[in-house]
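S.K.: fold the following, please.
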Amino acid sequence: MNKTLIAAAAASVLLLAGCASSDDAAMANAAKLDELSNQVSQLSQDVQSLQSNVQAAGNAAMSAQEEAARANERIDNIAQSYTK
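M.R.: Below is the predicted model:
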């Protein structure tokens, strides 16, 4: 009877210890999950910002290319007027 009681008490202690540590682990996992969620949100914002910058740079490059084409045309016109 004493051995059974001791075994039951030991099993209860181990069971309670296991539950206590799993709560701590669950809280730690939840904290890590929150941290990772925040990092994902920040990275998403960074990606959107970079995409906006890329689009603005593309627009600026297109504008510069058009301006260069107009300048080349003016230069060609000037060069033709000297050769006539």
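S.K.: so what's the residue count around A69?
M.R.: A69: 10 surrounding residues under other Cβ atoms under 10 Å. Where C-beta positions appear, they are placed from N, C-alpha and C, glycine not excepted.
S.K.: and for the one 10 residues further on?
M.R.: Per other Cβ under 10 Å, the neighbour tally for A79 reads 9.
S.K.: any idea how far N72 is from it?
M.R.: 10 Å (Cβ to Cβ, to the nearest Å).
S.K.: ok, now A31?
M.R.: According to Cβ to Cβ, A31 stands 61 Å off from N72.
S.K.: the helix or strand hosting I75 - what's its average pLDDT?
M.R.: In this assignment (DSSP states H and E), I75 forms part of helix 2-83. Average pLDDT, helix 2-83: 85.
S.K.: how far away from the center of its chain is that helix?
M.R.: How far helix 2-83 lies from its chain's middle: 0 Å, per Cα atoms, centre = their mean, to the nearest Å.
S.K.: distance of D23 from A11?
M.R.: As judged by Cβ to Cβ, D23 and A11 stand 19 Å apart.
S.K.: fine by me, thanks again.
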